[in-house]
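>>> sequence and predicted model, in that order:
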Amino acid sequence: MRAAASTPTGNTALSPGPSGQEARAAAAGDGPEAGLILLSKVTKRFPKMSTPALDGVDLAIRRGSFFTIVGPSGVGKSTLLRVLAGLTKPDSGQVSVFGEPPAEASRRKHLGWVPQSPALLPWRSVLDNVKLPLQLNRRAECQPRDPETILGLLGLSDAMDRLPAQLSGGMRQRVAIARAFSFAPPVLLMDEPFGALDEITREHVAHLLLDLWQAERPTVVFVTHSVTEAVVLSDQVSVMRQGKLGQPVDIALPRPRPEGIEDSEAFHELERELRALLREAFAATAR
Ligand SMILES: Nc1ncnc2c1ncn2[C@@H]1O[C@H](COP(=O)(O)OP(=O)(O)O)[C@@H](O)[C@H]1O
Ligand SMILES: [Mg+2]
């Protein structure tokens, strides 16, 4: 993947305008937790599982940062994101998104959710799927972007009137990404969002995400299998194993990421460090 500096920042086509800033401020609250997404001792056990999907997870993500989770399958990554999205209730522990419970943050359209498999309404066109979050809650404190512009940026202009069944898997995934981008949420929760995309599209969409992040600094919680993608995109990367999150690794690389950064020794060193942690996580999971 190429780095971000080759693309312009402050992409006006993606900018939500001043009301988006107000929404961000409204989301802030003024308590001590206002600048953080916080999980404290969060545990979730599903029936018939010998180990919990989440096992006392503690996590603090700074507002405006890009936080990535990597890890083997089945260790609880999606469950963690679903808890943050207010879709799964933990058995115990505390969760707050800038001082709000996740369900409340979601209701107020402070959360954009890109699930692992894009959940599109089959009877709605691509355009109507992207418009859905805005139609569901018209009074949400957000400044919508133009859905057709977003779809164009994601290469879906010609597919706007099609139904989900008429799309490839990669196209469906881009529709889910467009839907999350459409209302410029201050928090984006993305569960392997590029998994079904071919490599070239994946780079393009990753660039779009980096442009958007650089311009507006939403808080992103991102799950990926790609260590390289994690290092390119993130401020911090945590390796997950069996219900537990590892100590986050700081990705102390310049922003915006300079072109060719993937070839630098600092980049390779971070990749090596994360791959070693990932190998340990795989070994622990296989046991
Ligand atoms: N709704 C559910 N009902 C029962 N078990 C579940 C459910 N969701 C997840 N699990 C189990 O919880 C564990 C963690 O799942 P998940 O969070 O999807 O992992 P990951 O995203 O890391 O692959 C797995 O063992 C999975 O089978
Ligand atoms: Mg998953």
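Perfect, thanks for sending it. Ligands and ions are numbered 1, 2, ... in the order given.

>>> return the residues in contact with the spatially most central residue of the chain.
Nearest to the geometric centre of the chain sits Met190, at 2.7 Å (C-alpha atoms, centre = their mean). Met190 makes contacts with Val114, Ile177, Ala180, Val220, Val221, Phe222, Val223, as judged by C-beta atoms under 8 Å, 6 or more residues apart in numbering. Every residue, glycine included, has its C-beta placed from N, CA and C.

>>> surely it is in a strand?
Yes - per DSSP: H, G, I helix; E, B strand; the rest coil, Met190 lies within a strand segment.

>>> give the bridge partners for it, please.
Using DSSP bridges, the beta-bridge partners of Met190 come out as Val114, Phe222.

>>> give me the pLDDT value at it.
The model reports Met190 with a pLDDT of 95.

>>> how about the residues of this structure near ligand 2?
Contact residues (C-beta under 5 Å from the ion) of the chain with ligand 2: Lys77, Ser78, Gln116.

>>> at 6 Å what do you get?
Lys77, Ser78, Gln116, Asp191 (C-beta under 6 Å from the ion).

>>> hang on, the third one packs against Thr79?
No - assessed by C-beta atoms under 8 Å, Gln116 is found out of contact with Thr79, at 11.0 Å.

>>> who has more neighbours out of these two?
A side-by-side neighbour count of Gln116 and Thr79, using other C-beta atoms under 10 Å, places Thr79 first with 21 against 18.

>>> CA atoms only for the one helix or strand the more buried one maps to, dumped as PDB, please.
Following DSSP states H and E, the helix or strand that holds Thr79 is helix 77-84. Taking C-alpha atoms only, helix 77-84 is exported to PDB below (Å, rounded to 0.1, in the frame of the first residue of the first chain):
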ATOM      1  CA  LYS A  77     -12.400  -8.600  17.800                       C
ATOM      2  CA  SER A  78     -15.900  -8.300  16.300                       C
ATOM      3  CA  THR A  79     -17.500  -8.700  19.700                       C
ATOM      4  CA  LEU A  80     -15.400  -5.800  21.000                       C
ATOM      5  CA  LEU A  81     -16.500  -3.600  18.100                       C
ATOM      6  CA  ARG A  82     -20.100  -4.600  18.600                       C
ATOM      7  CA  VAL A  83     -19.900  -3.700  22.300                       C
ATOM      8  CA  LEU A  84     -18.500  -0.300  21.300                       C
END
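
>>> so Ala60: helix, strand or coil?
Quick answer, by three-state DSSP: Ala60 is strand.
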